[in-house]
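# Structural data only, the sequence is not supplied:
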């Protein structure tokens, strides 16, 4: 099959969705498919990728923004618009702006979801023309539901099935101010029939989005995320820690922001350290740190210093892939106590692949992943000392910690590789290409919602 993935880039920071989608494209090619992944809005920023000519960016972020704010600029000559889509310029622009703050993106999100009826309709037409110039794909995969505004126009113009991945939309959409939040969810429900199927990264996500978007359950396919396992095969943190008698080390691997709960982990660590029950315990915090995160991190550093724990806590921002692997190899346990409804948590299976058990709040997709792998423990996120208690219990019970580590490593190696993810998606792609009117039949059977 020829499979086209449309995935928003970030320009200047690592994103789990980008890593996941690019791993999927590589594995689909390994299965013999002609799989192309194209960045939207901004260029990709990937770890461990060799330097090469950046892929062309479609629906470039500068053009999309200007057409939202200054509608008369839609009449700019095509040559000028193309200049504004240059990857270098887009990467520079992304480094100077806040790309993750939902509070200022409401109107543009609504407009993008309205697709051919929105202010970026001309950009959508350019995208469709580009796809048509390719040897037409058999299937088009949208990276997330915020791209659902593309589905109708693409499906009708190309007469090809469109699939939509579901990975982390509710926290962003729910953070939009009204009336944009309500408008977005209403538009998603109205356009739910525009996709021929949905690829949810967890059962939690599938159930949530089935309800909130009004998708017929039979059109929802659960395909858990997978990672490329080869880089993790030589790392066994549980054995290294046991053999070397290393310091008990708690790790964090995610964006350094409040939504991911990095402050909750710092507080839990300081509580545990003050108890004195786990001698020598330390905390290593790694992950993306954006400009808008810097004040939060500085406050955490002050909190750590005031507790006299600066020598026991490391902040490792924007680490390379090699540094990430080094971090994972040093850990006794990993915890990312995300406050919002995490759709999966790629960092969990990255840690487990290295023999690192996890300690997570009993919310969102975390129970599902812990149950599937047997590689961690859950705690009551509402209990003030819940995280510190769970970390203490696991670090003091070495046989249990090692048993969880071994189970985690076995389960991820057996069932959470990117090759398995690609085979699962291959099966869904084959299903939706069986009949030329798959999308129309899906719409005809969609349960109406008022």
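Yep, that arrived. It should be emphasised that the depicted structure is a prediction, and the values quoted were computed from it without experimental measurement.
# switch to C-alpha atoms for all contacts and neighbour counts from now on
OK.
# Tell me where the model's unsure across the stretch 351-450 of the chain.
Applying pLDDT under 70 to the stretch 351-450 of the chain flags the ranges 435-450.
# mind running it again at 50?
436-439, 441-443, 445-450 (pLDDT under 50).
# Repeat that for the chain.
Regions of the chain meeting the criterion pLDDT under 50 cover residues 50-51, 243-244, 436-439, 441-443, 445-450.
# Tell me where it has strands.
Counting by DSSP state E, the chain has these strands, from start to end: 2-8, 34-40, 139-142, 162-166, 197-200, 220-222, 249-253, 282-287, 313-317, 333-334, 358-361, 376-379.
# among those, which is nearest residue 89?
Of all the strands of the chain, it is strand 34-40 that lies closest to residue 89, at 14.1 Å by CA to CA.
# now the angle between strand 2-8 and that closest one, please.
Using axes from the mean of the first three to the mean of the last three CA atoms, to 10 degrees, the inter-axis angle of strand 34-40 relative to strand 2-8 is 20 degrees.
# coming back round to it: in JSON lines, list the strands of the chain along with distance to residue 431 and mean neighbour count.
Below are those laid out as JSON lines (distance: least, CA to CA, whole Å; neighbours: other CA atoms under 10 Å):
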{"stretch": "strand 2-8", "distance to residue 431": "14", "mean neighbour count": "22"}
{"stretch": "strand 34-40", "distance to residue 431": "17", "mean neighbour count": "19"}
{"stretch": "strand 139-142", "distance to residue 431": "11", "mean neighbour count": "25"}
{"stretch": "strand 162-166", "distance to residue 431": "11", "mean neighbour count": "27"}
{"stretch": "strand 197-200", "distance to residue 431": "10", "mean neighbour count": "27"}
{"stretch": "strand 220-222", "distance to residue 431": "11", "mean neighbour count": "20"}
{"stretch": "strand 249-253", "distance to residue 431": "36", "mean neighbour count": "25"}
{"stretch": "strand 282-287", "distance to residue 431": "38", "mean neighbour count": "22"}
{"stretch": "strand 313-317", "distance to residue 431": "42", "mean neighbour count": "17"}
{"stretch": "strand 333-334", "distance to residue 431": "38", "mean neighbour count": "26"}
{"stretch": "strand 358-361", "distance to residue 431": "36", "mean neighbour count": "25"}
{"stretch": "strand 376-379", "distance to residue 431": "35", "mean neighbour count": "22"}
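# Adding distance to residue 130 as columns, could you present the ones you listed in CSV?
What follows is the strands of the chain, written out as CSV (distance: least, CA to CA, whole Å):
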stretch, distance to residue 130
strand 2-8, 12
strand 34-40, 11
strand 139-142, 13
strand 162-166, 16
strand 197-200, 23
strand 220-222, 29
strand 249-253, 37
strand 282-287, 35
strand 313-317, 37
strand 333-334, 43
strand 358-361, 44
strand 376-379, 46
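# Looking at those, spot the one closest to residue 299.
strand 313-317 (12.3 Å).
# wait, which of the strands of the chain is closest to residue 420?
Using CA to CA, the strands of the chain put strand 220-222 closest to residue 420, at 12.6 Å.
# any residues touching the closest one, and which ones?
Applying CA atoms under 8 Å, 6 or more residues apart in numbering, the external contacts of strand 220-222 come out as 197-203, 206, 210, 428.
# that older thread, show me the one of the strands of the chain that comes nearest residue 22.
The closest of the strands of the chain to residue 22 is strand 34-40. By CA to CA, the value is 7.0 Å.
# Would you mark the buried spots in stretch 23-37?
Using 16 or more other CA atoms under 10 Å as the test for burial, stretch 23-37 gives 23-29, 34-37.
# From the chain's centre, how far out is it? Work that out for me.
When C-alpha coordinates are averaged (CA atoms, centre = their mean, to the nearest Å), stretch 23-37 and its chain have centres 19 Å apart.
# again, but for stretch 268-282
Counting by CA atoms, centre = their mean, stretch 268-282 comes out at 31 Å from the chain centroid.
# residue contacts, the nearest residue to residue 108 once chain neighbours are set aside?
Sequence neighbours aside, residue 68 is the residue nearest to residue 108 in space, at 6.3 Å (criterion: CA to CA, 6 or more residues apart in numbering). By CA under 8 Å, 6+ apart, the contact set of residue 68 is 108, 111, 119-120.
# about what we covered before: of the buried residues of stretch 23-37, which pair is most distant in space?
Taking CA to CA, the two most distant members of these are 23 and 34; they sit 14.2 Å apart.
# With distance to residue 9 as new columns, can the buried residues of stretch 23-37 be given to me in a markdown table?
Formatted as a markdown table, those follow (distance: CA to CA, whole Å):
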| residue | distance to residue 9 |
| --- | --- |
| 23 | 14 |
| 24 | 15 |
| 25 | 15 |
| 26 | 17 |
| 27 | 19 |
| 28 | 20 |
| 29 | 20 |
| 34 | 21 |
| 35 | 17 |
| 36 | 14 |
| 37 | 11 |
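# residue boundaries of the helices in the stretch 251-400 of the chain?
Assigned by DSSP state H, counting those that start in this stretch, the helices in the stretch 251-400 of the chain fall at 262-275, 294-306, 321-329, 346-353, 366-373, 386-396, 398-415.
# Now tabulate those helices in CSV and tack on distance to residue 190 and mean neighbour count.
Output for the helices of the stretch 251-400 of the chain, formatted as CSV (distance: least, CA to CA, whole Å; neighbours: other CA under 10 Å):
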stretch, distance to residue 190, mean neighbour count
helix 262-275, 37, 20
helix 294-306, 38, 14
helix 321-329, 41, 17
helix 346-353, 30, 26
helix 366-373, 30, 18
helix 386-396, 41, 19
helix 398-415, 35, 20
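# so can I have TSV of those showing distance to residue 256?
What follows is those, written out as TSV (distance: least, CA to CA, whole Å):
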stretch	distance to residue 256
helix 262-275	6
helix 294-306	7
helix 321-329	14
helix 346-353	13
helix 366-373	19
helix 386-396	18
helix 398-415	25
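# among those, which is nearest residue 132?
In terms of CA to CA, the element of the helices of the stretch 251-400 of the chain nearest to residue 132 is helix 346-353, at 33.6 Å.
# Okay, residue 104 and residue 181: tell me how far apart.
12 Å (CA to CA, to the nearest Å).
# Settle it for me: which of the two has more neighbours?
residue 181 (20 against 13; other CA atoms under 10 Å).
# I'd like the distance between the more buried one and residue 272.
Taken as CA to CA, the span from residue 181 to residue 272 is 39 Å.
# Then residue 367?
Here residue 367 is placed at a distance of 23 Å from residue 272 (CA to CA).
# ok so, going back, where helices are concerned, which of the contacts of residue 68 count?
Cross-referencing these against helices under DSSP state H gives 108, 111.
# Just the buried residues out of the contacts of residue 68, in ChimeraX syntax.
Burial among those is assessed by 16+ other CA under 10 Å; the matching ChimeraX selection reads:
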select :108,111,119,120
